[in-house]
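1. Sharing a model that was predicted from the sequence below.
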Amino acid sequence: MVAGYGQPKQMGDKQSMSRDSLCTAIGYSFTQSKLLERALTHRSYSPEHNERLEFLGDSVLNCVVAKYLYDTYPSLPEGDLSRLRSNLVNQQTLFTLAQQLHLGELLLLGDGERKSAGFRRPSILADAMEALFGAVLLDSNFIAAQKVVLQMYVPLIGQADAQMLCKDYKTLLQECLQGKRFKLPKYTVIATQGEAHAQLFQVECKIEQLQICTLGKGSSRRVAEQVAAETAYHHIEKIP
């Protein structure tokens, strides 16, 4: 860390205690504290930031989750395993995990990012989570990183229905309509709310032939479309 770069250097005991709490929460204590600091450092704060660790952590995360799903669901084909992994290893899930850890409170951000509430931005928090996994790998080994990832992800997987997680409702809706020889739905963004770093999208899914119009909300257009498509799909299921 470069002293005075983007943020006052008075971190004090509170920062150390917060990092200790983070280590307790993830079940891992760093031998090299600089690696943890690097994982929490955004590029706006210092030239020694967390992007390379993020690259490494992304690979670790995908490998660990893929192996766990492969072992846990031996009957699922490759396509379903891929969809299941993509529904777990994504920005939204990482953002949710980061919020649970209060990771935003520990991030080292430049003045501009801090004033624009970058500590709440999904992309920044998700990247920091991946960097944290990468930092554990370098501080110890793959087994240690695997343990941290599984501690965070197994509860999520256990709470979910694998078959439901495998479903892509936009695809399901499209296949259902094609099977009934109806035109494909039209998705339209009808509203956006919030600041640029934390927008909420509202999307309309309209199926004119069936007079179905549903709404979906999400942190991205893609998420909102999936929510709207899911509601529309369930409407169609009820049609005789």
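-> Great, that's in hand. Residues are numbered from 1 along each chain as shown.

2. going forward, measure contacts between C-alpha atoms and count neighbours the same way
-> Will do.

3. residue ranges of the helices in the protein, please?
-> Here the chain has its helices, by DSSP state H, at 12-26, 33-39, 51-72, 78-88, 91-100, 111-115, 122-139, 142-159, 162-166, 169-179, 221-237.

4. Name the residues of the fourth one that are buried.
-> Within helix 78-88, the residues scored as buried using 16 or more other C-alpha atoms under 10 Å are 80, 81, 82, 83, 84, 85, 86, 87, 88.

5. model confidence over it, on average?
-> Taken as a whole, helix 78-88 carries a mean pLDDT of 82.

6. So the nearest residue to residue 182 once chain neighbours are set aside versus residue 216, what's the distance?
-> Distance criterion C-alpha to C-alpha, 6 or more residues apart in numbering; nearest residue to residue 182, sequence neighbours excluded, is residue 209 at 7.0 Å. Taken as C-alpha to C-alpha, to the nearest Å, the spacing of residue 209 relative to residue 216 amounts to 20 Å.

7. Who has more neighbours out of those two?
-> More crowded of residue 209 and residue 216, by other C-alpha atoms under 10 Å: residue 216, with 22 against 10.

8. Enumerate every residue touching residue 185.
-> For residue 185, the contacting residues are 174, 205, 206, 207, 208, taking C-alpha atoms under 8 Å, 6 or more residues apart in numbering as the criterion.

9. The nearest residue in space to residue 206 that is not next to it in sequence - how many residues pack around it?
-> Of all residues not flanking residue 206 in the chain, residue 213 sits nearest, at 4.4 Å (C-alpha to C-alpha, 6+ apart). Using other C-alpha under 10 Å, residue 213 has 18 neighbouring residues.
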